[in-house]
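S.K.: below: sequence and its predicted model.
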Amino acid sequence: MVFDTYAWIEYFLGSPLGKKVEVYLEDKDNEILTPSIVLLEISCKAAKENWDFKKISDFIKIHSRAIGPGEEVIEKCGELYSDLKKKNKRFGLVDAVILTTALKLDAKVLTDDESISVD
């Protein structure tokens, strides 16, 4: 299961939607993956909201495996981004990295963003 930025932020906010994230975190049969670009987005949100990013980052790294994009994701991301951007103007580069990562790993994405959800 690939967690996107939305999933982690909802979890840390303790929102009702964050409870769905908690279920996945508690299920030891799930391998949780967090693309490094998600950590970058959370870093920006933490700076904006004056959150302790180090504490958040440490938690994420304990409860999931942070993964970089890798060569295959980098190679395929542009094509996926270009194709999906034509269909959905809201589809962004970060979305493309997350979705390409999930597709490469044959994993689902935990998100509320309809443009990248494969769940």
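M.R.: Here it is on my side, so go on. Computed from a predicted structure; not experimentally measured. Numbers count the residues shown, from 1 in each chain.
S.K.: quick one, strands of the protein?
M.R.: Along the chain, the stretches classed as strands by DSSP state E are 2-3, 33-35, 65-67, 109-110.
S.K.: quick one: the residue sitting furthest away from the middle of the chain and L80, what's the gap?
M.R.: Note on the chain: the largest separation between a C-alpha and the mean C-alpha position, by Cα atoms, centre = their mean, falls on K86 (21.9 Å). To L80, K86 is 11 Å away according to Cβ to Cβ, to the nearest Å. Placement of C-beta: from N, CA and C, glycine included.
S.K.: same thing with N88?
M.R.: Applying Cβ to Cβ to N88 and L80 gives a distance of 12 Å.
S.K.: quick one: contacts for the closest residue to S64 other than its chain neighbours?
M.R.: Here the nearest residue to S64 in space, its sequence neighbours aside, is I32; by Cβ to Cβ, 6 or more residues apart in numbering that works out to 3.8 Å. When contacts are counted by Cβ atoms under 8 Å, 6 or more residues apart in numbering, I32 is found next to 1, 3, 24-25, 63-65.
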